[in-house]
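Enquirer: Test case, fold it:
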Amino acid sequence: MAKQTSQNSDEPEIIGGVQQKKAPEAVVEGNPTLYCFETCPFCWKVRSLLKLRGINYSKVEVDPMKKKELAFSDWKAVPVFVDADGTQVYDSNDILHYINENLSDDAESQFPTPFPTPGQDAAQDEWMDFSNDHLGKSIVPVIYRSYRSSLAALDYVTKVENFGSWQAFKAKWIGAIVMRLVARSRSKSFDVSPEENLQQKLNSLAGGMSSDFFGGKSPNGADHANYGILRAMQGLRGFDIVQSHDSIWPWYQRMQSVCGE
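Expert: Below you'll find the model as predicted:
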């Protein structure tokens, strides 16, 4: 379960998972609501499960610079999930488990069976953690390898209807600088190039699969957690590394087929 440190040192750490404080004001059109960035890999985890299960939800694009859309929340990172009754859930893996355990699926969902809860399946838990601790950290230095590729990744903000032109300009151009610096810093922790490191992580991921999905014949939490990370790369720099992998690419295509996006 992830933690965030409060800016005020006298306040307790904020821990991911289901929160006691509800935020009914953050519910959009009476639906479960996902606060996210379009290119956020951790958000794509949640989007893939919602889509596969046929759950109707609202999506709110968050300004990556000011994050004013998260004013209601103590957690200042996306995704933030707010259920229809105002229940807040923080941290992508915790959100996956919450949806899996609490939200009803569409009767026509291809895979309506819930996957194991935390602690029930050690392999699922391990590979869900892998998505946060390794794979998610590996794609950033590849996508944001150059200022140009950073701009390409952040161009989506210019198309967000509720962002003003100045707001979108800052999010794209300043955001590209910030993400390029983050990528450069993160790549220093690798012993190899960012591309080689991602290839190694994909090899590790492939080694954890022995069937069509981590869950066997149907996706489980590990499938959604890792697919979401890679889905965020689609159309951006480095996605060809995923496409060229003999094991991961067929699995990715199966996941995209069943999730529908």
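Enquirer: CA atoms for contacts and neighbours, from now on please.
Expert: Will do.
Enquirer: Strands of the stretch 151-261 of the chain, start to end?
Expert: Counting by DSSP state E, counting those that start in this stretch, the stretch 151-261 of the chain forms no strands at all.
Enquirer: now it, which segments are flagged as low pLDDT?
Expert: Residues of the stretch 151-261 of the chain meeting the criterion pLDDT under 70: none.
Enquirer: Buried residues of stretch 232-244, list them for me.
Expert: Neighbour counts over stretch 232-244 (16 or more other CA atoms under 10 Å) mark 232, 233, 236, 237, 238, 239, 241, 242 as buried.
Enquirer: a markdown table for these, including distance to residue 29?
Expert: Converted to a markdown table, these look like this (distance: CA to CA, whole Å):
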| residue | distance to residue 29 |
| --- | --- |
| 232 | 26 |
| 233 | 30 |
| 236 | 32 |
| 237 | 35 |
| 238 | 37 |
| 239 | 35 |
| 241 | 39 |
| 242 | 37 |
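Enquirer: Can you tell me which of the residues you listed lies closest to residue 26?
Expert: residue 232 (24.7 Å; CA to CA).
Enquirer: mind listing what residue 163 touches?
Expert: Applying CA atoms under 8 Å, 6 or more residues apart in numbering to residue 163 gives the contacts 63, 157.
Enquirer: Please, which helix or strand holds the closest residue to residue 97 other than its chain neighbours?
Expert: Leaving out its chain neighbours, the residue that sits closest to residue 97 by CA to CA, 6 or more residues apart in numbering is residue 117, at 6.6 Å. Using DSSP states H and E, residue 117 maps to neither a helix nor a strand.
Enquirer: do you know how far residue 23 is from residue 85?
Expert: 8 Å (CA to CA, to the nearest Å).
Enquirer: actually residue 132, sorry about that
Expert: Note on residue 132: its distance to residue 85, by CA to CA, is 28 Å.
Enquirer: quick one: which of those two has more around it?
Expert: residue 132 (19 against 15; other CA atoms under 10 Å).
Enquirer: hang on, the more buried one in a helix?
Expert: Yes. According to DSSP: H, G, I helix; E, B strand; the rest coil, residue 132 belongs to a helix.
Enquirer: so how many other residues sit close to residue 256?
Expert: There are 16 residues near residue 256, going by other CA under 10 Å.
Enquirer: I'd assumed residue 105 was in contact with residue 54.
Expert: Yes. Counting by CA atoms under 8 Å, residue 54 touches residue 105, with 6.0 Å between them.
Enquirer: Need phi/psi at the residue nearest to residue 97.
Expert: phi -80, psi 170 (degrees, to the nearest 10).
Enquirer: what's stretch 192-201 in contact with?
Expert: 134, 135, 138, 139, 141, 142, 187, 190, 191, 238, 241.
Enquirer: Tally up the residues packed near residue 29, please.
Expert: A count of nearby residues for residue 29, using other CA under 10 Å, gives 10.
Enquirer: ok, now which ones touch the nearest residue to it once chain neighbours are set aside?
Expert: In space, residue 29 comes closest to residue 58 once its chain neighbours are excluded; the distance is 7.3 Å by CA to CA, 6+ apart. Counting by CA under 8 Å, 6+ apart, residue 58 makes contact with 28, 29, 31, 32, 33, 34.
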